[in-house]
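S.K.: this one's structure only:
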């Protein structure tokens, strides 16, 4: 399969089957989009792009939470574990979606992370889900630089 990624002016990018990630329930607000590929710009491996294969205009910026100094301890239900076909917790990969917060700064907006709805992906099966965290206990460590 080949895709065009208009945001980056990329044309005819090959996507092999082992680079296709499936989100059976879709993502919040985009439930009809179930197939994605994950890539990053050359030389910039910290921010990844989750590009929908069902809608070429749908692309999310995602980062590992540790890049934002966030550490998750997520409990999955048996149903969620089954959905992900997760046999070994070490195979679970967590990423958070970044977005531009236009509500606080119209016209530009700061970059924010959706920390209450991380994506949990089985790295072996490439099946993922968006985990809505209802009761989040958080603590923050502030370090001087």
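M.R.: Structure's in. What do you need? This structure is a prediction, so every number in the text was calculated from the model and none was measured.

S.K.: let's verify residue 41: helix, strand, or coil?
M.R.: Recorded secondary structure, residue 41: coil (DSSP: H, G, I helix; E, B strand; the rest coil).

S.K.: okay, it: pLDDT?
M.R.: Predicted confidence (pLDDT) at residue 41: the value is 74.

S.K.: neighbours of it, how many?
M.R.: Look at residue 41: counted by other CB atoms under 10 Å, it has 12 neighbours. Heads up, the C-betas are built off the backbone N, CA and C, glycines and all.

S.K.: who touches residue 24 in this structure?
M.R.: 34, 83, 127, 129 (CB atoms under 8 Å, 6 or more residues apart in numbering).

S.K.: at 7 Å instead, please
M.R.: Contact analysis of residue 24 by CB atoms under 7 Å, 6 or more residues apart in numbering lists 34, 83, 127.

S.K.: cool, residue 70 as well?
M.R.: By CB under 7 Å, 6+ apart, the neighbours of residue 70 are residue 115.

S.K.: need the three-state assignment for it.
M.R.: Relying on three-state DSSP, one would call residue 70 coil.

S.K.: give me the spatial nearest neighbour of residue 114, chain neighbours excluded.
M.R.: Nearest residue to residue 114, sequence neighbours excluded (CB to CB, 6 or more residues apart in numbering): residue 97, at 4.6 Å.

S.K.: work out for me the element the one you found sits within.
M.R.: strand 92-101 (DSSP states H and E).

S.K.: the biggest strand by length in the chain: which residues count as buried?
M.R.: Looking across the chain with DSSP state E, the single longest strand is strand 110-122. By 16 or more other CB atoms under 10 Å, the buried positions in strand 110-122 come out as 113, 118-122.
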